[in-house]
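Peer 1: Sequence unavailable; structure follows:
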């Protein structure tokens, strides 16, 4: 059961316009903003900004790459400690999405000091520390600013074998697509923000690390993967297909969802970020018969601390589609 934090009659999630990864800058706008930053570095920059991968990777030794990432967001639940746990799991996911192991993390904090005190901040930081400890990753510093909206996350550094990185530009035709967490948490987070209702399964999946799925993918020889977060399954799949020069197909009936997501969507609880995701990816979609707008919204739903989308098969996780030779970036939904 959550410990609801209320300030002047407002719950924690109501202190910010957005919540979780749904508060991200829309993908089209973001790509335009960073377009002048691509192409940096020499031969030791293994992964940069060029294809919008999950983190940066630099070779520091013939057999070793250092992975660096940063991720933070506004409150996604009204329990301060649980928010910290989710935000930390989400930031660590970028390291796992590239097949790495996190080594060290730094806190990133924006804090409305006139609304929230140091006690609430301690709860957020404690939640982040708990999840980082599960990952074996010490949190040994960070940076904070006075901010009108509360924000929290981590900057994380990790390592991976330089020749075994999981990348979003390495998808190859005739391979299955595996999804390691259910979708729908964006819809339920939107409902929580508006009503205060608590969804235990959604909280559990957002708080869970992607460590085991990442290790299994590396052990299986997988070369391509990404995590499914603020741009939704369709957005992240489109980016991976585009970067890899392939097309992809999603079997909508095979995609798992968190309990309550479909019902909440039918009742009108849809994050604005999910609608923006669908608008952005729609020109690249080929939609089969029987796939309605609600199904597409769910497939584009802005996830917070989502699972890995792996090009390959992982035992214990559902195969939700396949990669095939076709126009780069096209995504079929059947």
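Peer 2: Arrived safely. Given the structure is predicted, the values throughout are model-derived calculations rather than measurements.

Peer 1: What separation do you get for residue 89 and residue 99?
Peer 2: Shown here: residue 89 relative to residue 99, a distance of 17 Å by C-beta to C-beta, to the nearest Å. Heads up, the C-betas are built off the backbone N, CA and C, glycines and all.

Peer 1: how far does the helix or strand where residue 108 lies sit from the chain's center?
Peer 2: Per DSSP states H and E, residue 108 falls inside strand 101-111. Here the centre of strand 101-111 is set off from its chain's centre by 16 Å, with C-alpha atoms, centre = their mean, to the nearest Å.

Peer 1: Counting by contacts, list what it packs against.
Peer 2: When contacts are defined as 3 or more C-beta pairs under 8 Å, 6 or more residues apart in numbering; DSSP states H and E, strand 101-111 packs onto strand 64-73, helix 80-97, helix 118-134, strand 139-146, strand 151-161.

Peer 1: of the ones you listed, which approaches residue 298 most closely?
Peer 2: Proximity to residue 298 (C-beta to C-beta) singles out helix 80-97 among these, at 19.8 Å.

Peer 1: Please tell me how far that closest one is from the chain's geometric centre.
Peer 2: 9 Å.

Peer 1: Kindly report the same for stretch 303-313.
Peer 2: 8 Å.

Peer 1: List the buried residues in that stretch.
Peer 2: By neighbour count on 16 or more other C-beta atoms under 10 Å, the buried set for stretch 303-313 is 303, 304, 305, 306, 307, 308, 309, 310, 311, 312.

Peer 1: For those residues, give me JSON lines that also has pLDDT.
Peer 2: Shown next, in JSON lines, are the buried residues of stretch 303-313 (pLDDT from 0 to 100):
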{"residue": "303", "pLDDT": "96"}
{"residue": "304", "pLDDT": "96"}
{"residue": "305", "pLDDT": "97"}
{"residue": "306", "pLDDT": "97"}
{"residue": "307", "pLDDT": "98"}
{"residue": "308", "pLDDT": "98"}
{"residue": "309", "pLDDT": "98"}
{"residue": "310", "pLDDT": "98"}
{"residue": "311", "pLDDT": "98"}
{"residue": "312", "pLDDT": "98"}
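
Peer 1: Surely residue 141 is in contact with residue 106?
Peer 2: Yes. Using C-beta atoms under 8 Å, residue 141 is in contact with residue 106, at 5.1 Å.

Peer 1: Kind regards, and thank you for your time.
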